[in-house]
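S.K.: Fold the following.
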Amino acid sequence: MSDVFEVLKADHTKVQATIGRLTGPAAAQRPVAEVREDAEALVMDESRHEAAEEMYFWPAVREKVAGGDGLADQAIKQEQEGKQILERLRKAEPGDGNFEEQVAAFAAAGRDHIAFEEQEVWPKLQAALSAEEREELGRKIETAEEAGPTRPHPNTPGNPSVLKTAGTAAAVTDKLRDAVQGRGK
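M.R.: Numbering: from 1, shown residues only. Here you go, the predicted structure:
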C-alpha cells in the first residue's frame, strides 16, 4: 500500500482505535500495564506520523492546492498542539488525573485534526495529484514514518527542511533511548 491517502487512512484508523481503547467504557478496568503500552504506542505512532506529514504531505498541499498554505498552516498548528499534549501524556502515569486529562485532550484534538484532514484537505489534494504522484507521496511518507522520531518534539518547527535534518537526529536519539528503556516493545 503506497497511495498516500491509503497510508494516512490506515494511520488514522490505528490512532482512532488506540484512542478508543484509552477512552472507552472498559478503559478503567484494563490493567495499568496495557493502558501504559497503548499510551506509548499512541505517542510513538503519532510522533512518526506527524513528522512524516510535516516533511512531505503538507509541502505537497502547499504546492498543489489553491489555498494550500492556509490549510497547511492550520494543520501544522493543530499538530503542534497535539505534540504538546502527547509530551504531557508521555510523562503522565495511568491512574493519575493528569493522564486521563491528557488522553481526553488528545482524543478531542486528534479527532478534530483527522476530520479536518480527511474532509477539508484530502478532497482538494486528491483532485490535484495524479495516481503516480499519490503513490510517490505515499512511499515517501511510509519511509519517513519508519525512520521517524518516536517522541513528540513540540519545539521543533514544522518546517520540512528543519525536520529532514534535525528530525533525523531526533529520531536516532529517540530510538537509542527506546532501546535503553525497553520502550515500544
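
S.K.: tell me the residue furthest from the middle of the protein?
M.R.: Gln29 (26.8 Å; CA atoms, centre = their mean).

S.K.: That one and Arg21, how far apart?
M.R.: 12 Å (CB to CB, to the nearest Å). Yep, even glycine has a C-beta here, placed from its N, CA and C like the rest.

S.K.: To which secondary structure element type does Pro149 belong?
M.R.: With DSSP: H, G, I helix; E, B strand; the rest coil as the basis, the three-state label of Pro149 is coil.

S.K.: Find the residue at the geometric middle of the protein.
M.R.: Most central in the chain (CA atoms, centre = their mean) works out to Glu46, at 2.8 Å.

S.K.: Can you tell me, leaving aside adjacent residues, what's nearest to it?
M.R.: Leaving aside its sequence neighbours, Glu46 sits nearest to Leu86 (CB to CB, 6 or more residues apart in numbering; 5.9 Å).

S.K.: Now name the helix or strand holding Ala75.
M.R.: Secondary structure assigned from DSSP states H and E places Ala75 in helix 68-91.

S.K.: avg pLDDT for that helix?
M.R.: For helix 68-91, mean pLDDT is 95.

S.K.: quick one: whatever helix or strand comes next after that helix to chain centroid distance?
M.R.: Per DSSP H and E, the first helix or strand lying C-terminal to helix 68-91 is helix 97-115. Mean-position distance between helix 97-115 and its chain equals 13 Å (CA atoms, centre = their mean, to the nearest Å).
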